[in-house]
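K.L.:
Below is the sequence, then the predicted model.
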Amino acid sequence: MREAEQKGCNVYLTGEWFTRARSTDEEARRWAIDNDIACREFAEKTRMGLVAVSHAASEFLVMKLQMVQWFRKLGLESIVVKQEDWWR
């Protein structure tokens with residue numbers, strides 16, 4: 001995010017940007033917690049717009065905007081089926 005800000009980006013669009021701290025590995029858990037703290041501190045100071053969507057929602061955009069056309073080029077008809085609860 002810092003690199004995007006330094007390059008003049010106005011908005012940063014991403015999937016989930018907070019790291020889940022569910023790991024039983026203490027080192028991984030500590031990294032996740034530290035990363036969350038760093039993200040929150042960055043968010044409080046930046047003037048760049050931050051937009052985060054769920055993991056499923058970000059994948060849906062790729063499926064809808066890229067994969068359907070890719071399958072069609074291969075002669076395969078395809079449709080994208082939305083998930084009812086993006087945050088499950």
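P.N.:
Thanks, I have it. Residues are numbered from 1 along each chain as shown.
K.L.:
Helix, strand or coil: sort out C9 for me.
P.N.:
The local conformation at C9, judged by DSSP: H, G, I helix; E, B strand; the rest coil, is coil.
K.L.:
residues contacting the most centrally placed residue in the chain?
P.N.:
The centroid of the chain falls nearest to G15 when counting by Cα atoms, centre = their mean (1.0 Å). Contacts here follow Cβ atoms under 8 Å, 6 or more residues apart in numbering; on that basis G15 touches 52-55, 57-59. C-beta coordinates here come from the backbone N, C-alpha and C atoms, glycine included.
K.L.:
Not counting sequence-adjacent ones, nearest residue to M48?
P.N.:
Distance criterion Cβ to Cβ, 6 or more residues apart in numbering; nearest residue to M48, sequence neighbours excluded, is E5 at 4.9 Å.
K.L.:
Now do the phi/psi pair for that neighbour.
P.N.:
Main-chain dihedrals, E5, degrees, to the nearest 10: phi -60, psi -40.
K.L.:
what about it, neighbour count?
P.N.:
16 (other Cβ atoms under 10 Å).
K.L.:
quick one: contacts for it?
P.N.:
So E5 contacts 12, 46, 48 (Cβ under 8 Å, 6+ apart).
K.L.:
Can you give the contact residues for the host helix or strand of the first one?
P.N.:
Pointing back at Y12 there. Assigned by DSSP states H and E, Y12 falls within strand 11-14. For strand 11-14, contacts defined as Cβ under 8 Å, 6+ apart pick out 1, 4-5, 48-53, 58.
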